[in-house]
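Colleague: Pasted the sequence and its predicted model underneath.
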Amino acid sequence: MAEELVIERMLSWLAEDIPFWDLTSELLPESCECKAAIIAKEPGVAACVEEVALFLDRMGFKVKLNVRSGEHFEKGSELMTVEGSLKKLLQVERLVLNLLTHTCGIATTTRKAVQIAKRANPTVRIAATRKTLPGLRYFEKRAVEAGGGDTHRLSLSDMVLIKDNHLKYFPSVRTAVETARARASFAAKIEVEVSNPKQALEAAEAGADIIMLDNFSVQDVREAIEALKKAGLRDRVIVEVSGGITLENLEEYVRAGPDVISMGLLTHSAKAIDLSLEVIEVTGQCGESR
């Protein structure tokens, strides 16, 4: 099912780029073949190379992967080599590069965050958020996974997450959690976004599985976790910290003692990795114009 989703999504993006026909590639004969490589212009972590290879294979290309998702590559590395129609390759070139530069960027940023966090606490998890671009969530979440991060929710259907705007309806955090517990499936975890240590205690007492300390300072995170410990509730809940966390202040938040740190920047602000597609050789019946 995931394979068909990948092909369908990428074909729709190709149709956006070629709504009728490619005016430039029409200059090339159908019989002209080539060998090309996707080359890294800087080091990074690979992500979604298998999905791109699947798409290229479906388009009729012979693909050799030289790196797998999650593996580090150096500047000058060939991520994959591609053989097939020159005309068709030039039509899909930008689509393939746009996707890979983005996903490899996410994986690389995620890997940096994970390395920073693990130095301070080997058990802490670095998670993504739902701050993904429409149409790209599958690929962006896969890229986070490739970087060693936790995907968190893949959709609104995964679990109950009661946020600040939901709480404006309920008279208390306790009521919100109790309502969710009564209505949600036994299989669904319940998470509550809280804005102060008092609400964190209330959520834990009401039976929340996960407490999200949203936009807390490092000191406030420490105070909330200490309050949970004093109440004998710390081991009953997963403590997640989110909001305003960067690569620069990440270690401080890790040392404050949460179980999970979720970072929107992994998907919405990761720097793209510079990659290029270079035709190495042109073969076949390419005409006299060469």
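Modeller: In hand now; what should we look at? Numbers count the residues shown, from 1 in each chain.
Colleague: could you pull out the helices for the stretch 51-200 of the chain?
Modeller: 86-120, 137-146, 164-167, 173-183, 197-206 (DSSP state H, counting those that start in this stretch).
Colleague: could I get the ones you listed as a markdown table with distance to Asp259?
Modeller: Every C-beta, even on glycine, is put in place using the N, C-alpha and C of the backbone. Output for the helices of the stretch 51-200 of the chain, formatted as a markdown table (distance: least, C-beta to C-beta, whole Å):
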| stretch | distance to Asp259 |
| --- | --- |
| helix 86-120 | 11 |
| helix 137-146 | 17 |
| helix 164-167 | 21 |
| helix 173-183 | 18 |
| helix 197-206 | 13 |
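Colleague: Out of these, the one nearest Val49 is which?
Modeller: Val49 lies closest to helix 86-120 among those, at 7.0 Å (C-beta to C-beta).
Colleague: For that closest one, the averaged confidence score.
Modeller: In this model, helix 86-120 has a mean pLDDT of 97.
Colleague: now the angle from that helix to helix 137-146?
Modeller: Interaxial angle of helix 86-120 relative to helix 137-146 (axes from the mean of the first three to the mean of the last three C-alpha atoms, to 10 degrees): 50 degrees.
Colleague: returning to that earlier point: of the helices of the stretch 51-200 of the chain, which is nearest Ile39?
Modeller: Of all those, helix 86-120 sits nearest to Ile39, with 10.5 Å by C-beta to C-beta.
Colleague: Setting the sequence-adjacent residues aside, check what's closest to Leu5.
Modeller: The shortest distance from Leu5 to any non-neighbouring residue, by C-beta to C-beta, 6 or more residues apart in numbering, is to Tyr138 (6.4 Å).
Colleague: From Val254, how far off is Leu97?
Modeller: With distances taken as C-beta to C-beta, to the nearest Å, Leu97 is found 34 Å from Val254.
Colleague: Which one's more surrounded, the two?
Modeller: Ranked by neighbour count (other C-beta atoms under 10 Å), Leu97 and Val254 place Val254 first, with 22 against 17.
Colleague: didn't the more buried one look like it was pressed against Val124?
Modeller: Yes. Val254 is within contact range of Val124, at 5.3 Å (criterion: C-beta atoms under 8 Å).
Colleague: what residues do those two have in common as contacts?
Modeller: Common contacts of Val254 and Val124, defined by C-beta atoms under 8 Å, 6 or more residues apart in numbering, comprise Ala117, Ile261.
Colleague: Tell me the secondary structure at Glu278.
Modeller: Of the three states, Glu278 takes strand according to DSSP: H, G, I helix; E, B strand; the rest coil.
Colleague: what's the pLDDT at Ser289?
Modeller: For Ser289, the pLDDT comes out at 49.
Colleague: remind me which residues of the stretch 1-150 of the chain are low pLDDT?
Modeller: Applying pLDDT under 70 to the stretch 1-150 of the chain flags residues 1.
Colleague: Can you get me a residue count around the residue nearest to Leu5?
Modeller: Using other C-beta under 10 Å, Tyr138 has 16 neighbouring residues.
Colleague: what separates it from Val144, distance-wise?
Modeller: 11 Å.
Colleague: ok so, going back, please give me every residue in contact with the residue nearest to Leu5.
Modeller: Tyr138 neighbours (C-beta under 8 Å, 6+ apart): Ala2, Leu5, Val6, Arg9.
Colleague: Let me know the closest of these to Leu79.
Modeller: Val6 (17.2 Å).
Colleague: Surely that closest one forms part of a strand?
Modeller: No. Applying three-state DSSP, one finds Val6 to be helix, outside a strand.
Colleague: burial count for the nearest residue to it once chain neighbours are set aside?
Modeller: Excluding its sequence neighbours, the residue lying closest to Val6 (C-beta to C-beta, 6+ apart) is Glu51, at 4.8 Å. When neighbours are defined as other C-beta under 10 Å, Glu51 has 23 of them.
Colleague: next one: Glu3
Modeller: Using other C-beta under 10 Å, Glu3 is surrounded by 12 other residues.
Colleague: how far away is it from Leu56?
Modeller: 13 Å.
Colleague: Cool, thanks, talk later.
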